[in-house]
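J.: Make a model of this:
(2 chains)
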Protein chains: 2
Amino acid sequence: MSAQQMHTPTADGVARAARKIADLLPKTPLLEAEIGGARIWLKAESLQPIGSFKIRGAWHRMSDLSEAERARGVVGVSSGNHAQGVAWAAQRLGITATIVMPIDAPQVKIDATRSYGAGVVLYDRPGGEDRDEVARRLIGQSGATMVHAFADPWVIEGQGSMGLEIAAQMAARGFDGPTRIVCPCGGGGMTAGLALACPEAAIVPVEPEGWDDVKRSLAAGEILTVGKDAPTTACDALQTPATRPINFAVLQARVPFGLMVTAAEVRAAQRWAFATLHLVLEPGGAAALAAALAGKVDLDGRTAIVLSGGNTDSAAFAKVLSSQD
Amino acid sequence: MSAQQMHTPTADGVARAARKIADLLPKTPLLEAEIGGARIWLKAESLQPIGSFKIRGAWHRMSDLSEAERARGVVGVSSGNHAQGVAWAAQRLGITATIVMPIDAPQVKIDATRSYGAGVVLYDRPGGEDRDEVARRLIGQSGATMVHAFADPWVIEGQGSMGLEIAAQMAARGFDGPTRIVCPCGGGGMTAGLALACPEAAIVPVEPEGWDDVKRSLAAGEILTVGKDAPTTACDALQTPATRPINFAVLQARVPFGLMVTAAEVRAAQRWAFATLHLVLEPGGAAALAAALAGKVDLDGRTAIVLSGGNTDSAAFAKVLSSQD
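T.: Numbers count the residues shown, from 1 in each chain, chains lettered A, B, ... in the order given. Below you'll find the model as predicted:
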């Protein structure tokens, strides 16, 4: 299959991605815990080799590239987790990768991306520089393939593979699959993938305060964009201005509503994950858990919560641990 | 089998413990990473429901108690992780548990033990009160069964079940079992269990500075005790004055030497686990990793390192993250 022939993401594609990923990576653990007396299932994607689920979509996409495409390299655009996914997959596949990252991305994410051998081009996010424009310029020079962080059928299918793992892990412990999957949401790649993977589960995307464009888009029935006056957020991984039609088409069919969490709710979730699960979560990775802990989600014993990433720097994490709100 | 009939711990007993634990708990993940270019395997026992491996031995021991023994309850003695293991198992099995804990144990461990419904009796460790004496007094009153933290054949076999999991998880990824298992060591329960579980692997126990009685005992050929002038250590889980004959008999047959790590090496390992694995490790849980990172262990691509626990409080962990040594 050529990556130049874009396709619509499908449940079959999710299943194919899941088989490829099962050959590559051990399943991340599905932990069990309780919130308010209800059993919850926690998918610890923060324990992926790159510290987030983004390894899934990047691998599914890039391992499907033809030899000719691989020779021309790839370009990714990311605040950090997708960057690491593309860089990790590129190193394994022997592909040259260039990643366009915001100049204000967490330093740990920039360093990690470089550590996998990828080139990093920084753009001025705070100053409003258009990252897609930077990417297009790079692609124009090299003929490289763009690996979009969420608006790509392979990436959507790859992220969805997590849903099949959750269902299989629950089945192995004698439970029917999830009734509900609560997931952090940036551009809607994982959300769309989970919707395809688990047609019988409700999918609940969670966004940080001020960056709840998917929630508002679902309510409005059309793609809305984050306002120019959006507040800063610690959830750098979820700081996406708008979803795209390829994602929104899936979401509109399957996802009735989204949720929003405050910065304090996210910090409380990071502290809970530290104390209860002994996991390090980055703010964006804790957003779905934050919604559950804040009582914004019905918990029925078969609700799964995605802990999507753990890439945070030690000063920021120490500050969260010390905060009381 | 009655718990009153003490037996010698055996490899068959480890296999039986492993089957019981497989029915009870999902396998903790065996993570892969690199140190100095060498592949290492990391057994994340910090992700057990109680935050440490101690759930294994407590379960194997207590699920073998007769109905009459269960009715009389159990007494445990522990600085905190074994306490939680006994309390967790007691709650599941409907057994009354009383745990003797040092007054200077981390508050998170005391609180967690109580949260499982166990009674907690504090003893004056800093003042030199004899914890075994306190336990004997409680047992004299109730006829309860003592569940020792390490000098117990069931507990040794239960902790050893981890070794069989490591071997199975490596096999599932196409590797022969571990050539070497590096483990944190307090009284030598886990060390003895791993020695029985994995007869073809070298077992390397690691102790904190000043509390290296097992290392010294192995060198001397007899059980030595930690000196009265032993320094304080952050590794509360490894703060055991001496091993016992039931453990030392296994160790002498299988374990040629032990290692010692400094407090700074332990902190560096906690920071590495935070940044690289996104795991929260308590100081004692990071001791084996500390030895590997400090270059004290030969790493041959099939070396497994036990990350034994993650029960630390947020202030202590924030301080470690902020330290630079």
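J.: Ignoring the adjacent residues along the chain, who's closest to the residue of the stretch 151-300 of chain A found nearest chain B?
T.: For the stretch 151-300 of chain A and chain B, the shortest gap (C-beta to the nearest C-beta) falls at residue A:278, measuring 3.0 Å. Yep, even glycine has a C-beta here, placed from its N, CA and C like the rest. Take residue A:278 and drop its neighbours on the chain: the residue closest to it by C-beta to C-beta, 6 or more residues apart in numbering or on different chains is residue B:310, 3.0 Å away.
J.: Can you tell me the SS state at residue A:86?
T.: At residue A:86 the chain is in helix, as set by DSSP: H, G, I helix; E, B strand; the rest coil.
J.: secondary structure element for the spatially closest residue to it that is not a sequence neighbour?
T.: Leaving aside its chain neighbours, residue A:86 sits nearest to residue A:76 (3.9 Å; criterion: C-beta to C-beta, 6+ apart). Assigned by DSSP states H and E, residue A:76 belongs to strand A:74-77.
J.: related to what we said a few turns ago, could you check the pLDDT of the residue nearest to residue A:278?
T.: pLDDT, residue B:310: 97.
J.: if I look at it, how far off is residue A:254?
T.: For residue B:310, the distance to residue A:254 equals 36 Å [C-beta to C-beta, to the nearest Å].
J.: okay, those two: which has more neighbours?
T.: Neighbour count, other C-beta atoms under 10 Å in any protein chain shown: between residue B:310 and residue A:254, residue B:310 has more, with 28 against 17.
J.: who touches that one in this structure?
T.: The contact partners of residue B:310, by C-beta atoms under 8 Å, 6 or more residues apart in numbering or on different chains, come to A:278, B:46-47, B:51-52, B:279-282, B:285.
J.: The same query, at a cut-off of 10 Å, please.
T.: Applying C-beta atoms under 10 Å, 6 or more residues apart in numbering or on different chains to residue B:310 gives the contacts A:274-275, A:277-279, B:44-48, B:50-52, B:81, B:270, B:273, B:279-282, B:285-286, B:317.
J.: With residue A:128 instead?
T.: The contact partners of residue A:128, by C-beta under 10 Å, 6+ apart, come to residue A:228.
J.: What residues sit buried inside the host helix or strand of residue A:252?
T.: Element membership for residue A:252, per DSSP H and E: helix A:245-254. Neighbour counts over helix A:245-254 (16 or more other C-beta atoms under 10 Å in any protein chain shown) mark A:246-248, A:250-251, A:254 as buried.
J.: Is it possible to get CSV of those that adds pLDDT and distance to chain B?
T.: As requested, these are exported to CSV (pLDDT from 0 to 100; distance: C-beta to the nearest C-beta, whole Å):
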residue, pLDDT, distance to chain B
A:246, 97, 30
A:247, 98, 27
A:248, 98, 31
A:250, 98, 29
A:251, 98, 28
A:254, 96, 29
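J.: circling back: wait, the residue of the stretch 151-300 of chain A closest to chain B sits on residue B:28?
T.: No. Using C-beta atoms under 10 Å, residue A:278 makes no contact with residue B:28, being 11.0 Å away.
J.: what about these two, which has more around it?
T.: Neighbour count, other C-beta under 10 Å: between residue A:278 and residue B:28, residue A:278 has more, with 25 against 20.
J.: What's the per-residue pLDDT of the more buried one here?
T.: Here the pLDDT value assigned to residue A:278 is 98.
J.: what does residue A:2 give?
T.: The confidence metric pLDDT takes the value 45 at residue A:2.
J.: Next up, the contacts around the residue nearest to residue A:86.
T.: Counting by C-beta under 10 Å, 6+ apart, residue A:76 has contacts A:54, A:58, A:61-62, A:82-87, A:89-90, A:97-101, A:113, A:118, A:135, A:144-149.
J.: And stretch A:132-142, how far out from the chain middle?
T.: 23 Å (C-alpha atoms, centre = their mean, to the nearest Å).
J.: Could you give me the buried positions within that stretch?
T.: Neighbour counts over stretch A:132-142 (16+ other C-beta under 10 Å) mark A:134-135, A:138-139 as buried.
J.: Repeat that for stretch A:93-103.
T.: By neighbour count with 16+ other C-beta under 10 Å, stretch A:93-103 contains the buried residues A:95-102.
J.: residues from the stretch 1-150 of chain A in reach of chain B?
T.: A:25-33, A:44, A:46-49, A:51-52, A:108, A:111-112 (C-beta under 10 Å from any C-beta of the partner chain).
J.: one more time with 6 Å, if that's ok
T.: Within the stretch 1-150 of chain A, the positions adjacent to chain B are A:29, A:46, A:51 by C-beta under 6 Å from any C-beta of the partner chain.
J.: Selecting buried members of the residues you listed in ChimeraX, what would you type?
T.: To isolate the buried members of those in ChimeraX, using 16+ other C-beta under 10 Å:
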select /A:29,46,51
